[in-house]
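Asker: no sequence for this one, just the structure:
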């Protein structure tokens, strides 16, 4: 039995579409700004290995991960890339960063001290990025530590300062006053610190205008099809489809209830339901209960009743029987059901839809040559 | 570097507690009812391999999975167990069920025909369960097919009928009229079909009373610490803890905003925040934004601002500094934060909290001997 014979759900990931999204973002950023690629959280659930390699083939040279473990997994696949670790440097891991050429994004004076001490101990300059917190209150040097660093730039002695970094809190809302406030603070601090290339814009930030782009942009979400433009046409391509098989089809009468809690009741004289082999254990969020849509046989249909762990029910009354039968594939997320639309129905953002995709799918990577 | 040195989040899974929960459920079910164990969806995210082996050591002999692939993974670990596949038999997989001694839970006359045909082709009786749909409208023979089977029991010729199965839709609500309606229908149909042991109760069903228990109960959720009793004290033990490390601590002033969308604003003159290395990519649902709790230094504290992909912020103003520092562990789900409580804050059920637990945790299995 091949591994996938019995699989009833599949993810098809279009690496060529991810590459086109990368080039689209690089074009938008312009020639003065290099586009890195954010591949943390297993490339937002799509598979850091194949995704990062495809992005490298498309021209990306710098990659961002969240955790050192993610960097260690990526290094053998991308021997020449610069790999930045956003979560910074934890004490005790200095030698692992050094031996694998991972670049810590230093988030505090304490982390700067750890890394400079390691530079002294190995007797050579070590690459680093320094993260200035301009308004996320999450990671990065807070104002007081930035002011100390401005007053005492020798704290960076022994480091090769590759980047000054900050992160936008509200870039999905171009009108939010925080954007300009963060930008001004970043520019002000940068002017007082030792010279270094700057990285400020995430996916949405690239579209906020040239002044937000600096030397290196760090798109993640837009690479994977999430729109960087609120309330406007999405310039990015969808890059994957999540599909599952119908297991059973049943005709039901008026008054029949469906699923846990009997929350859905058939109100028409008759209806046809299909049970599909996908549930919240596969990342099809339970908040899509009674709200999700599915695409089968050329028709968008409704998810009815509660999403259960391994199964959903869809109403296929209006689908030709030859299209809605056991073993037929149903699209739940994909070209007809963009990830942002699914997220909106689920009451969340596309990022969470992506990172929730579970482990039971068979995964198929499509390249331009397929 | 060992694999876990750089890990900033960990799951500690108490196999002995799962075993005690199994024994507790077996005691509740009584001597006339055997307790199986539901280990689908990777034992609700906790790891089907170690969990199923621990349950087998505690006396479980019958296991339920959702998908055939799950059964194939479990078989080498449990060579003597009966493994039932709830999603039933898909055409083309008959030989794999047979060769691995997986027992399909047949959900339709069509699946019964597939399995009897395979029995004829191999010249021996094959084990099967038959699922009667008494009110879920999800999987199982609908009324019309049950009536056909009652009229034509020879359709089962060639099968060894191990179980007649049905599944409760509303068992978490003991007062729901559907429970008794489903019970009566199951009993009625069972009386007209060829004699076979019966399985009806899930975790909650065991607590609905003796008439719901039949020959084999199928607890899943309660094994893993989810309460089978609504609005009453939970008789089950918590079986795992999800923890993550603090990456950074910062003092902030009144007016500081926290996280994406700047949704949380510090209203006190001063506060201290800790950034913790866990986010929705780890299954800490984004719906816990501004609602979650964390346990650190003997104190329950609040998650503030939005949950992001890899990080959350918690307010540690009231935690002694010696307990809230970089590298300190914080509990997000566990003995002080039961899975059902976390689920309620997230607007979902404990099942989804469990199955969402991601892949970045280091996993530690604790047994009675540790």
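Answerer: Arrived safely. Every value quoted in this text rests on a predicted model; they were computed, and no experiment measured them. Numbers count the residues shown, from 1 in each chain, chains lettered A, B, ... in the order given.

Asker: C-alpha from now on. contacts and neighbour counts both.
Answerer: OK.

Asker: around residue A:176, count how many other residues there are.
Answerer: As a burial measure, residue A:176 scores 14 neighbours (other CA atoms under 10 Å in any protein chain shown).

Asker: ok, the residue positioned nearest the centre of chain A - contacts?
Answerer: The centroid of chain A falls nearest to residue A:44 when counting by CA atoms, centre = their mean (3.5 Å). By CA atoms under 8 Å, 6 or more residues apart in numbering or on different chains, the contact list for residue A:44 reads A:221, A:224, A:351, A:354-355, B:281.

Asker: tell me which two in those are the farthest apart.
Answerer: Greatest spacing in the contacts of residue A:44, by CA to CA: A:224 and B:281 (15.0 Å).

Asker: low-confidence regions, chain A specifically.
Answerer: Counting by pLDDT under 70, chain A contains low-confidence ranges at A:1-5, A:369-370.

Asker: repeat the analysis, applying 50 as the threshold.
Answerer: A:1-4 (pLDDT under 50).

Asker: quick one: the helices in chain A, in order.
Answerer: A:15-29, A:40-44, A:48-57, A:68-74, A:94-99, A:109-122, A:143-151, A:177-192, A:203-206, A:339-346, A:350-356 (DSSP state H).

Asker: most packed of those?
Answerer: Highest mean neighbour count among the helices of chain A (mean count of other CA atoms under 10 Å in any protein chain shown): helix A:203-206, with a mean of 26.

Asker: does chain B sit close to it?
Answerer: No: under the criterion of CA under 8 Å from any CA of the partner chain, chain B is not reached by helix A:203-206; the shortest gap measures 12.6 Å.

Asker: would you mind measuring from the residue in chain A sticking out farthest from the centre to residue B:304?
Answerer: Largest separation from the mean C-alpha position in chain A: residue A:269, at 44.0 Å (CA atoms, centre = their mean). Between residue A:269 and residue B:304 the distance is 49 Å, computed by CA to CA, to the nearest Å.

Asker: circling back to that earlier point, wait, the residue farthest from the centre of chain A sits on residue A:251?
Answerer: No: applying CA atoms under 8 Å as the test, residue A:269 and residue A:251 come out as separate, 10.7 Å apart.

Asker: state the distance from the residue lying closest to residue A:336 once chain neighbours are set aside to residue A:338.
Answerer: Leaving out its chain neighbours, the residue that sits closest to residue A:336 by CA to CA, 6 or more residues apart in numbering or on different chains is residue A:295, at 6.9 Å. Counting by CA to CA, the separation of residue A:295 from residue A:338 is 11 Å.

Asker: residue A:32 now?
Answerer: According to CA to CA, residue A:32 and residue A:338 sit 31 Å apart.

Asker: quick one, which of those two is more surrounded?
Answerer: Neighbour tally, residue A:32 and residue A:338, criterion other CA under 10 Å: the higher count belongs to residue A:338, 21 against 12.

Asker: tell me which residues touch the more buried one, please.
Answerer: residue A:238.

Asker: got it, and the one 4 residues further on?
Answerer: Listed by CA under 8 Å, 6+ apart, the contact partners of residue A:342 are A:292-293, A:333, A:350, A:353.

Asker: if we can go back for a sec, so the residue nearest to residue A:336 touches residue A:328, yeah?
Answerer: No: using CA under 8 Å, residue A:295 makes no contact with residue A:328, being 11.3 Å away.

Asker: between the two, which one's more packed in?
Answerer: residue A:295 (22 against 18).

Asker: so what's the more buried one bridging to?
Answerer: Counting by DSSP bridges, residue A:295 forms beta bridges with residue A:300, residue A:331.

Asker: that one and chain B, how far apart?
Answerer: 19 Å (CA to the nearest CA, to the nearest Å).

Asker: where's that residue relative to residue A:354, distance?
Answerer: Between residue A:295 and residue A:354 the distance is 19 Å, computed by CA to CA.

Asker: who touches stretch A:59-73?
Answerer: With CA under 8 Å, 6+ apart, stretch A:59-73 has contacts from A:35-42, A:52, A:80-88, A:97, A:100, A:102, A:218, B:3, B:6-7, B:310.

Asker: do stretch A:362-370 as well
Answerer: With contacts defined as CA under 8 Å, 6+ apart, stretch A:362-370 is touched by A:4, A:7, A:9-16, A:50.
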